[in-house]
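Asks: Could you work out the structure for the sequence below:
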Amino acid sequence: MILKQIEESGIIAIVRGHQPQDVELIIGALRDGGIRTIEITMDTPGVCEVIERAAKKFAGEMLIGAGTVLDPESARMALAAGARFIFSPSLNLETIRMTKRYGAISIPGVFTPTEMLTAFEHGADAVKIFPANVLGPAYIKAVRDPLPQIPVIPTGGVNEENLSAYIKSGAIAVGIGGALVRKTQKVDREYLEELTQKAARLVEKGRSARG
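Replies: From the prediction side, this is the model:
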């Protein structure tokens with residue numbers, strides 16, 4: 001069900017390193033642009049409280065997960081705070097087990113077909129191809145040919161220009177960080193309006209790419 005929501009959303013917006021008081025404003029702006037899945041990274045100040053507040057405030061509207069989760073202990077903390085999925089930059093089998101123990105969606109980071117299959121065989125619901133921009137959309141298509149049963153979510157270097165190519169290559173969704181939610185010292189009305197407009201363009205590109 002949750003993985004289906006991620007696929008329908010098509011875009012996981014990565015919110016990294018913003019101050020706690022700004023995160024909910026950013027999520028609201030992304031929601032207004034049509035994005036429904038948010039990854040709050042574990043290096044966010046006060047991350048567990050931030051996840052808990054966001055999960056409660058946007059319940060029924062947005063799917064809130066945790067990102068840059070490197071170990072099972074961090075996964076457990078994020079899940080206890082209300083994260084619905086765990087996004088990692090690397091493959092840690094114990095993190096997958098912990099995530100599945102709590103009934104959440106596990107999306108570990110992988111790069112090779114061997115890592116993809118290992119993750120999937122140990123319970124991962126999908127895999128995060130990271131960093132995707134090193135090999136590009138052609139690589140996604142190439143690994144999907146022999147491993148079509150494994151849902152892939154390319155992340156790293158995905159932007160407005162290449163989003164469509166990644167979706168057409170067979171990705172169920174993409175993770176987008178700095179190309180969407182750029183870091184800034186001031187989260188003001190102008191920034192939030194720009195964020196909503198950018199989100200809307202990305203959502204439309206994703207829909208068009210799906211045909």
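Asks: use CA for all of it now, contacts and neighbours both
Replies: Will do.
Asks: With just CA atoms, put whatever helix or strand Leu25 lives in into PDB.
Replies: The secondary structure element spanning Leu25 is helix 20-32 (assigned by DSSP states H and E). Provided in PDB are the C-alpha atoms of helix 20-32 (Å, rounded to 0.1, in the frame of the first residue of the first chain):
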ATOM      1  CA  PRO A  20      13.100  22.400  12.400                       C
ATOM      2  CA  GLN A  21      10.900  25.500  12.200                       C
ATOM      3  CA  ASP A  22      11.300  25.600   8.400                       C
ATOM      4  CA  VAL A  23      10.600  21.900   7.600                       C
ATOM      5  CA  GLU A  24       6.800  22.100   7.900                       C
ATOM      6  CA  LEU A  25       6.700  25.200   5.700                       C
ATOM      7  CA  ILE A  26       8.800  23.400   3.100                       C
ATOM      8  CA  ILE A  27       6.600  20.300   3.200                       C
ATOM      9  CA  GLY A  28       3.500  22.500   2.900                       C
ATOM     10  CA  ALA A  29       4.900  24.200  -0.200                       C
ATOM     11  CA  LEU A  30       5.700  20.900  -1.800                       C
ATOM     12  CA  ARG A  31       2.200  19.600  -1.000                       C
ATOM     13  CA  ASP A  32       0.700  22.600  -2.700                       C
END
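Asks: Can you give the contact residues for the longest helix seen in the chain?
Replies: The longest helix of the chain (DSSP state H) is helix 189-209. Outside helix 189-209, the residues within contact range by Cα atoms under 8 Å, 6 or more residues apart in numbering are 10-11, 25-26, 29-35, 160, 163-165, 167-168, 180-181.
Asks: got it, and stretch 132-139?
Replies: Pro154, Thr155, Gly156, Gly157, Val158, Ala165, Tyr166, Ser169.
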